[in-house]
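Asker: build the 3D model from these lines:
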Amino acid sequence: MAPRKRPEAQKTPEVVVRPKSKRNRSPRELEPEAKKLCVKGPGSSRRFDSGCLWAGLASLRVPPLCSSIVRALHQHKLGTAAWPSLQQGLQQSFLNSLASYRIFQKAAPFDRRATSLAWHPTHPSTLAVGSKGGDILLWNFGIKDKPTFIKGIGAGGSITGLKFNPLNTNQFFTSSMEGTTRLQDFKGNTLRVFASSDTCNVWFCSLDVSVKSRVVVTGDNVGHVILLNMDGRELWNLRMHKKKVTHVALNPCCDWLLATASVDQTVKIWDLRQVRGKSSFLHSLPHRHPVNAAHFSPDGAQLLTTDQKSEIRVYSACQWDCPPSLIPHPHRHFQHLTPIKASWHPRYNLIVVGRYPDPNFKSCSPHELRTIDVFDGSSGKIMYQLYDPESSGIMSVRPGPSNNKWEEAGIQPLGSKMTSYSSHAPPSGTSTPSSRSSPCLCSSM
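Answerer: Predicted coordinates for the structure are as follows:
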């Protein structure tokens, strides 16, 4: 009898698991792999000092995966990312674009150093610049037409403050060492004198304008601050500081909130509705050195101050009594240079300031460059340092306006030359930027 065959075991079909291609994997699945690839062993990268020019460049050359603007938009659309995360992605995208910035244009219209700068509120390629001799230039670097030039009085006519009239952008306000705060047009006509000292020993150092409240505020070199309406009527004139008022700023959201900075080493916060005298301030913020500027952030929630030595401070508007964020930074004061004033970027939570290397600064390195430094407004970390060998002078940054098409920032000039930075070099033989050009910087040396 033939032996019975044992039944063959049923074969289990083989299942071949193929790894997903990178194209088919979700960002969450790719993240661990990306982290592995980004990990470097000890000694695989150089350590950079925060004071060195290449610190910002090295850290931003390859952005982390989480900074992808496409990924941030995708997560926000799915509801997995909050608005601050999306805003951070947009900010990181802007920081990455700074690597492509190069000098775009230069101009040397003055025989003395430039002292003030204001960007046109509706034309992002147009700015007004004032000089130590009282000259004023309206410069549209987007066209080849000859700039509008208003001749000043020369010595003693330094333009200390410059603002476009928000109600009529063909006019502008100026404060000057001539002893006046006035409204002018670009034909050289004085339309209204808001304040006049009538003496060569008193002059005006700063001004600001509020379109909501229809007021003009100006400060002088002996500590007085004057509030006027748009018709030129004086509302009050009080001595709010012991020494020169270097800067006045109205809060962009709460226009009744005023900040004044002075060389008496204080910044004071005032409610314009409750000013009764020099002691009626809401808060006094003492500093260790004289203060050059106090700027409210675009959302009005923070106050940025710059002293005349090596310190930038960020205060929270809802907690004035809390210790501020301190950012060490070399920008020491020198009599023959326009004071360096840190400013906010108009769209992102970034601080932009020019660097004046100081050998006594604790992190100063040999042959340190005169860069334009960009700090994160929340952490105080340096994010980027902009430098071009063709413009090696000392810079004082002045961010400019932004609109739906493009945005730009400017450098408050420190010398007779002005320089325009752009992320795209113009075509050979032309000097007109494209209407789609990326953010640019205008500077002086």
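Asker: next, count neighbours for the nearest residue to residue 240 once chain neighbours are set aside.
Answerer: In space, and not counting its chain neighbours, residue 240 is closest to residue 225: 4.7 Å by CB to CB, 6 or more residues apart in numbering. Yep, even glycine has a C-beta here, placed from its N, CA and C like the rest. Residue 225 has 24 neighbouring residues, counting by other CB atoms under 10 Å.
Asker: strands of the stretch 301-445 of the chain, start to end?
Answerer: 302-307, 311-316, 325-328, 343-344, 350-354, 372-376, 382-386, 396-402, 407-412, 418-422, 440-444 (DSSP state E, counting those that start in this stretch).
Asker: weakest of these in terms of mean pLDDT?
Answerer: For the strands of the stretch 301-445 of the chain, the weakest mean pLDDT is recorded on strand 407-412, namely a mean of 41.
Asker: helix/strand/coil for the residue nearest to residue 240?
Answerer: Three-state call for residue 225 (DSSP: H, G, I helix; E, B strand; the rest coil): strand.
Asker: so who does it touch?
Answerer: Contacts for residue 225 (CB atoms under 8 Å, 6 or more residues apart in numbering) come out as 217-219, 237-241, 245, 248, 260.
Asker: test of understanding: give the bridge partners of it.
Answerer: Residues in a beta bridge with residue 225, per DSSP bridges, are residue 219, residue 238.
Asker: how close does it get to residue 94?
Answerer: Here residue 225 is placed at a distance of 36 Å from residue 94 (CB to CB, to the nearest Å).
Asker: ok, back up a step: turn the contacts of residue 225 into TSV, columns for neighbour count and pLDDT.
Answerer: As requested, these are arranged in TSV below (neighbours: other CB atoms under 10 Å; pLDDT from 0 to 100):
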residue	neighbour count	pLDDT
217	25	97
218	26	97
219	29	96
237	13	94
238	16	95
239	13	95
240	23	95
241	24	96
245	28	97
248	27	97
260	25	97
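Asker: which residues in this structure form helices?
Answerer: The residue ranges that make up the helices of the chain, judged by DSSP state H, are 27-38, 53-60, 69-78, 83-97.
Asker: buried stuff in the last one?
Answerer: It stands for helix 83-97. For helix 83-97, burial by neighbour count (16 or more other CB atoms under 10 Å) applies to 86, 88-89, 91-96.
Asker: from those residues, pick the one nearest residue 368.
Answerer: Of all those, the one sitting nearest residue 368 is residue 95; the distance, using CB to CB, is 21.3 Å.
Asker: check contacts around the closest one.
Answerer: Residue 95 touches 60, 350, 374, 383-384, counting by CB under 8 Å, 6+ apart.
Asker: next: residue 224.
Answerer: For residue 224, the contact set (CB under 8 Å, 6+ apart) comprises 237-240, 245.
Asker: let me have the residues you listed in JSON lines, extended by distance to residue 317.
Answerer: Shown next, in JSON lines, are these (distance: CB to CB, whole Å):
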{"residue": "237", "distance to residue 317": "26"}
{"residue": "238", "distance to residue 317": "23"}
{"residue": "239", "distance to residue 317": "25"}
{"residue": "240", "distance to residue 317": "19"}
{"residue": "245", "distance to residue 317": "20"}
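Asker: tell me which of those is nearest to residue 389?
Answerer: Residue 389 has its nearest neighbour among the contacts of residue 224 in residue 245, at 37.9 Å by CB to CB.
Asker: look up how far residue 269 lies from the nearest residue to the closest one once chain neighbours are set aside.
Answerer: Sequence neighbours aside, residue 219 is the residue nearest to residue 245 in space, at 2.9 Å (criterion: CB to CB, 6+ apart). In this structure, residue 219 and residue 269 are separated by 14 Å, where distance is defined by CB to CB.
Asker: now do residue 311
Answerer: 19 Å.
Asker: what do you get for residue 258?
Answerer: 7 Å.
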